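In: I would like to see how this sequence folds:
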Amino acid sequence: MTTTLLPASILPGLLEVSLRSRLDVQSLFERAGIDADIVGRNDRFISLLQLDELLYSAFTESDDPLFGLHVGADNHYGNLDLLGNLMATADTLEQGLAMLFRYKDLVVPYLAFTLETLGNDVMLAVASKDPSLRFTATRTHNEVVVATMVAIGRSLLGGSMPVNGACFLHDEPVADQVAVYQQFFRCPLHFTQQYNAITIPASLLAEPLPRAYPKYNERLRQSADQVLSGLSRAAGVSGQVIKQLEIMLGGQGVTMEAVADALAMTPRTLQRRLQEEGTRFAQLRDQVRHQHACQALREPGCDMQALALELGFSDTANFYHAFKRWQGCAPGQYRRQFG
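Out: Predicted coordinates for the structure are as follows:
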């Protein structure tokens, strides 16, 4: 298993989201352990834990009940930076979606996309790949994802894209909010579904894109491949740390010194290498603990006290507080969600 990193070039967009939420951006970035000097750079990276801290705060602290819908509706392919330009310069919408499937890890490595043919329609569905991420479990995230797919599609096609249906994981909002949904999507809405998705006519896939530029698209693909390669290299040390933490979980002495010794490094070297990758040892340790806790709590007969000790907590109360900080709810509440 390797840690997932994202290029810091996505941070300007996250800054905008944070500003929309009227949050203290400086405090938020400091809490997430993000240095302002890396904002906008393709050669520096942030971790999924840092992204989760940023977006969960933005999503849950906003006073706008339709915050996700508004953010998603305002999106444009240009907001996706390199990925958006790859999609826009493809020949057809189908080829643009192929760029999304191939290079999505530049922006949303934590999401999985599927395209399914349904008679005369096709359905583009989205699912989270990591259940430990708090922000992907919010209604706001569902709104952002579904509205963004429509907004990006409209911008790729030059302003118009018929949508035959929109699906959402969350329950149906109150009537006046549904009216706002309807105004934007202009199609049947389906709530409490098993996925976030949009359905469009299959004939749209062959629609030429107005900004098609094959030669430029080829150059962009070369740049994207380089960035993905950089992400893979950057994840190297972090991935090794995560692997060691998973091996050591349940034992004694899960410390940076122990992990550094297992990787034949000094603690100082390990700390520096992790800092270069935009993460910290404590964040990776929490990531491993969090993911392991989520998996264990979904299993029937999970012993909370034994799990707390396995994760390295001195008692159940400390585990309770840590899990609530990670997931936004108590471990017992999370376990009840899975029956």
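In: next, name the residue at the spatial heart of the protein.
Out: Centroid check for the chain by C-alpha atoms, centre = their mean gives Y110 as the closest residue, at 4.5 Å.
In: any low-confidence regions in the stretch 101-250 of the chain?
Out: Scanning the stretch 101-250 of the chain for pLDDT under 70 picks out 232-235.
In: where do the strands sit along it?
Out: For the stretch 101-250 of the chain, the strands defined by DSSP state E, counting those that start in this stretch occupy 111-118, 121-128, 165-167, 189-190, 196-201.
In: and those as JSON lines, adding mean neighbour count and distance to T138?
Out: Placement of C-beta: from N, CA and C, glycine included. Shown next, in JSON lines, are those (neighbours: other C-beta atoms under 10 Å; distance: least, C-beta to C-beta, whole Å):
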{"stretch": "strand 111-118", "mean neighbour count": "13", "distance to T138": "14"}
{"stretch": "strand 121-128", "mean neighbour count": "18", "distance to T138": "11"}
{"stretch": "strand 165-167", "mean neighbour count": "20", "distance to T138": "16"}
{"stretch": "strand 189-190", "mean neighbour count": "14", "distance to T138": "18"}
{"stretch": "strand 196-201", "mean neighbour count": "21", "distance to T138": "12"}
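In: can I get those in CSV with distance to L231?
Out: Converted to CSV, those look like this (distance: least, C-beta to C-beta, whole Å):
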stretch, distance to L231
strand 111-118, 15
strand 121-128, 19
strand 165-167, 30
strand 189-190, 35
strand 196-201, 25
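In: nearest to Q182, of these?
Out: strand 189-190 (6.7 Å; C-beta to C-beta).
In: burial count for the nearest residue to Y103 once chain neighbours are set aside?
Out: Spatially, and ignoring its direct neighbours in sequence, Y103 is nearest to A224 (4.9 Å; C-beta to C-beta, 6 or more residues apart in numbering). As a burial measure, the neighbour count of A224 was computed by other C-beta atoms under 10 Å and equals 19.
In: mind listing what the closest residue in space to R273 that isn't next to it in sequence touches?
Out: With C-beta to C-beta, 6+ apart as the measure, V237 is the residue that lies nearest to R273, at 4.5 Å, once sequence neighbours are left out. For V237, the contacting residues are 263, 270, 273-274, 277, taking C-beta atoms under 8 Å, 6 or more residues apart in numbering as the criterion.
In: out of these, who's nearest H321?
Out: Where these are concerned, and distances follow C-beta to C-beta, H321 has its nearest neighbour in L274, at 24.8 Å.
In: tell me which element that closest one is part of?
Out: Here L274 is covered by helix 267-276, with elements defined by DSSP states H and E.
In: what helices and strands are in contact with that helix?
Out: helix 214-248, helix 256-262, helix 281-297 (3 or more C-beta pairs under 8 Å, 6 or more residues apart in numbering; DSSP states H and E).
In: now with 6 Å?
Out: Based on contacts counted as 3 or more C-beta pairs under 6 Å, 6 or more residues apart in numbering; DSSP states H and E, the elements that helix 267-276 packs against are helix 256-262.
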